[in-house]
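Engineer: okay, here's the prediction I keep looking at, along with the sequence it came from:
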Amino acid sequence: MQDKNSTPDANKPQIDQTQSILKSISDFLKNLLNLSHDQDDNLATISSIEKGVEFRGINVWTLIFAIFVASIGLNVNSTAVIIGAMLISPLMGPIMGLGLSVGIYDFALLKKSIKNLSVAVGISVITSATYFLISPLDEAQSELLARTTPTIYDVLIALFGGMAGIVAGATKEKGNAIPGVAIATALMPPLCTAGFGIATGNLMYFLGAFYLFFINAVMISLSTFLIVRFLKFPHKQIVEKARALTVKKYILIIVTLTILPSIYFAYKIIQQAIFKADAISFVNKEFIFEQTQILNRTYEYNRPDSNKIELILAGETLDEETIHRLHQKLTDYDLNKTKLVLKQGIGNMDVMDFEQIKSGIIEDLYKKNDIALKSKEQKILLLESELIKYKTTIPIADISEEINAIFPKILKFSAYKTTIYNIETQTKDTTTIAYIAAKPKLKQNENDALSAFLEKRLDCKNIKLISEDCELK
């Protein structure tokens, strides 16, 4: 006879409870991640994106003015101005139109989007090049240089930013995601930088910046295509499977060709960062000499077998044995093929760049004090403490009159702050020494009263009083 308390029957309630919990979690996640909650009608979303593809009249002038604003921001290195220009730029419309047109097989919209985007890009580059040709500022600032070396990280930013844009655009509320995507993916600054490259004749600036814009445009279009297909937007026309497969192949080829160079650039940047970290570690740990100081340091990364560390030294000249040991130490920091160049001694003064030395010294000073000066408040506190430390002026004349009114016998007075070194404990202490000359000499209780007065008057509890009799010769 089978026992009623057998194991299968006993475990059944526990299994049912586990399944119920898992189902509750699954239902919660499905409800949480469901894109259809506030989704707008697909046809309404398509109509909204199609309107953004239009590029004439007001949109053209808005773009031109925005390009001028962005170019000025890049020229004067103002991040706030650049962000403002990106907010008013109409470039997102044709780019999202590309992804939408491919996703719903609307080839008429695809042609229109390509045409309008090409016109917008042409106007942007011409406008920015015109500005930089007439601008008296022709030096590349950090905001400009940041647009010339795109990496795989820019690909990821554009992809996920584009997804955020199309998902928000497909909702009833729409929200402010589109301007945010325009800022995050930085569509306008690369075009302005490309114009700067044309105006200054720098082909590398032009190619790097235009490649960054191409990355952003392709990845935003791709993300739009993916979300449109995921949300099952209605197709504009019926497309045969063979043609649909051809479209997907073209998408794959374009995306692959877009991504590959960025992976290479990212690899170079990572290698450069690793080299610099190793080089800094080598210099900081190995160049510890009491009589020799580093005036300036330069880390040059070209490729793994031709990197260079160049140091300008001041003070005692390092001997050949020490230099040889330093070269051997390079291998301990994975700098095997790195060239170490040391410039030291008076004989090298003619090859030294003193502007470089000055900037190197300033940089070192800044780094040493960077932790202590993280905020304006800390800077103020530091300056105040330094003022208190070095403020040694005591109003001798005023205090002398006050003392004479209280102690008429005192004829001479002086006081000053100084440092006393304790030889026994080898410690330093700051004290105030007060000197008086009285006729006749003050008694002990008068000295005590004077000390108490000075401690209060000078706000100092550690006063050394030296008293002298004026009658003594």
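Structural biologist: Yes, it's here.
Engineer: secondary structure element for N302?
Structural biologist: Counting by DSSP states H and E, N302 is held by no secondary-structure element, helix or strand.
Engineer: scan this structure for its longest helix.
Structural biologist: As assigned by DSSP state H, the longest helix anywhere in the chain is helix 241-286.
Engineer: so what secondary structure elements neighbour the helix or strand following that helix?
Structural biologist: Heading C-terminal from helix 241-286, the first helix or strand you meet, by DSSP H and E, is strand 292-300. Contact analysis of strand 292-300 by 3 or more Cβ pairs under 8 Å, 6 or more residues apart in numbering; DSSP states H and E lists helix 241-286, strand 308-315, helix 354-369 as its packing neighbours. C-beta: built from backbone N, CA, C; applies to glycine.
Engineer: tell me the mean pLDDT over the first one?
Structural biologist: To tie it back to what came earlier, the one meant is helix 241-286. Here helix 241-286 scores 87 as its mean pLDDT.
Engineer: switch to numbering from 45
Structural biologist: Got it, first residue is 45 now, which makes that one helix 285-330.
Engineer: now do it against strand 352-359, angle only.
Structural biologist: Angular relation of helix 285-330 and strand 352-359 on a 0 to 180 degree scale: 20 degrees, by axes from the mean of the first three to the mean of the last three Cα atoms, to 10 degrees.
Engineer: helices or strands up against helix 285-330?
Structural biologist: Secondary-structure packing of helix 285-330 (3+ Cβ pairs under 8 Å, 6+ apart): helix 196-213, helix 247-274, strand 336-344, strand 352-359, helix 364-373.
Engineer: and the longest helix of the chain with helix 364-373, angle?
Structural biologist: 150 degrees.
Engineer: buried residues in stretch 86-103, which are they?
Structural biologist: Across stretch 86-103, burial judged by 16 or more other Cβ atoms under 10 Å covers 89-90, 92-94, 96-97, 99, 103.
Engineer: where does the prediction get shaky in the stretch 295-444 of the chain?
Structural biologist: Segments of the stretch 295-444 of the chain classed as low confidence (criterion: pLDDT under 70) are 347-349, 389-437.
Engineer: is it true that I367 touches V385?
Structural biologist: No: contact status for I367 versus V385: not in contact, 10.7 Å apart, counting by Cβ atoms under 8 Å.
Engineer: more crowded one of the two?
Structural biologist: A side-by-side neighbour count of I367 and V385, using other Cβ atoms under 10 Å, places I367 first with 14 against 11.
Engineer: helix/strand/coil for the nearest residue to the more buried one once chain neighbours are set aside?
Structural biologist: In space, and not counting its chain neighbours, I367 is closest to L386: 6.5 Å by Cβ to Cβ, 6 or more residues apart in numbering. Remark: L386 carries the secondary structure label strand [criterion: DSSP: H, G, I helix; E, B strand; the rest coil].
Engineer: quick check: bridge partners of L386?
Structural biologist: L355 (DSSP bridges).
Engineer: quick check: it touching L355?
Structural biologist: Yes: because the distance of 5.5 Å satisfies Cβ under 8 Å, L386 is recorded as touching L355.
Engineer: residues in contact with Y175?
Structural biologist: With contacts defined as Cβ atoms under 8 Å, 6 or more residues apart in numbering, Y175 is in contact with 111-112, 115-116, 119, 239, 243.
Engineer: against G166, how distant is it?
Structural biologist: Between Y175 and G166 the computed distance is 15 Å (Cβ to Cβ, to the nearest Å).
Engineer: likewise E94?
Structural biologist: Counting by Cβ to Cβ, the gap between E94 and G166 amounts to 22 Å.
Engineer: could you do V327 as well?
Structural biologist: Distance from V327 to G166, counting by Cβ to Cβ: 48 Å.
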